[in-house]
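**Q** Provide a 3D model corresponding to the input given below.
(one chain, ligands or ions: 2)
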Amino acid sequence: MKIAHISDIHCNFGSDFNEKIFDKAAKMVNKVDADLVFVSGDLTTEGLLSEYKLAKEKLKQIKGKLVVIPGNHDERNLGFKLFPEFFGETDFIQDYDNMNLVGLASSEPDKDNGRLGRGRHKIIEHAIKKDDKLTVIGLHHHVLPVPNSGRETNIIEDAGGTLDIILKNEVPLVLMGHRHVQWGVKIHKSLFINAGTFSCTRTRAHFGNTFNVIDIEDDEIEVNVFDVGKEKSKKMIEFDLEEDSCKNNYYC
Ligand SMILES: [Fe+2]
Ligand SMILES: [Fe+2]
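**A** Ligands and ions are numbered 1, 2, ... in the order given. Here you go, the predicted structure:
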């Protein structure tokens, strides 16, 4: 199973959206030939109808199965009413051959921080108990502070409770965005992966525009970061679930 994890596209008619980079990045994603492309929110900047239309149009450039959840920017200006019209359900469990993908909307209208709440915790627990497939959780906000992303303000309000469910149940993979930097860390038996921004002009220092490609093969998870500007990819993490071993090149 190959997942292209892209995030924080920020389609917009102001200065946020770098269309040239988007077009280049979309071609790079298509070359990867992923089984699914997971978009972890912030498809727009102000949640406006014109931005939703632009995001829908631009995402047509990406071939294959697209799975989308909203970010905090998508919920601005009543954007939360538009999201289901354009991209469907915001909270779901999707079945694949070797995994259940849990998509969760962590955003609240007109707020930059997020929360999951007990209802979404129940969705996670339901997915875990459903069968013996791997559970992969995708949400926009981070559940852990992310290095190199500035002062911590937007972590989900119920990060502690969420972490507890993830760690206790040994959920192998959690996919997040929001901070516009790529990062990953293994805690206990769970891998927490942040995608950087795909096509927003608001990149941090030298992080640039990136997306992640995640290969899940039997009990192994490998995460590669693709740098759009440099047209290069680099292996970030190798995680062997069976042996409980992890090599994190971010820190090597
Ligand atoms: Fe963003
Ligand atoms: Fe965000």
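
**Q** could you pull out the helices for the stretch 1-150 of the chain?
**A** 19-32, 49-59, 79-87, 117-130 (DSSP state H, counting those that start in this stretch).

**Q** Adding mean pLDDT, write those out as CSV.
**A** Shown next, in CSV, are the helices of the stretch 1-150 of the chain (pLDDT from 0 to 100):
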stretch, mean pLDDT
helix 19-32, 98
helix 49-59, 98
helix 79-87, 98
helix 117-130, 97
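
**Q** okay if I get the ones you listed as a markdown table plus distance to Thr162 and mean neighbour count?
**A** In short, each C-beta sits where N, CA and C put it, glycine included. Formatted as a markdown table, those follow (distance: least, C-beta to C-beta, whole Å; neighbours: other C-beta atoms under 10 Å):
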| stretch | distance to Thr162 | mean neighbour count |
| --- | --- | --- |
| helix 19-32 | 28 | 17 |
| helix 49-59 | 27 | 18 |
| helix 79-87 | 21 | 18 |
| helix 117-130 | 7 | 15 |
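
**Q** Rebuild those helices as TSV, extending it with distance to ligand 2.
**A** What follows is those, written out as TSV (distance: least, C-beta to the ion, whole Å):
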stretch	distance to ligand 2
helix 19-32	17
helix 49-59	14
helix 79-87	12
helix 117-130	17
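
**Q** got the residues of the protein near ligand 1?
**A** Contact residues (C-beta under 5 Å from the ion) of the chain with ligand 1: 8, 42.

**Q** low-scoring stretches of the stretch 101-250 of the chain, by residue?
**A** The model of the stretch 101-250 of the chain has no residue with pLDDT under 70.

**Q** which parts of it sit against ligand 2?
**A** The stretch 101-250 of the chain has residues His178 near ligand 2, with proximity defined as C-beta under 5 Å from the ion.

**Q** how about 6 Å then?
**A** 140, 178 (C-beta under 6 Å from the ion).

**Q** Now do the contacts for the residue in the stretch 101-250 of the chain positioned nearest to ligand 2.
**A** The stretch 101-250 of the chain approaches ligand 2 most closely through His178 (3.8 Å), counting by C-beta to the ion. His178 makes contacts with 7-8, 40-42, 71-72, 140-142, 154, 194, as judged by C-beta atoms under 8 Å, 6 or more residues apart in numbering.
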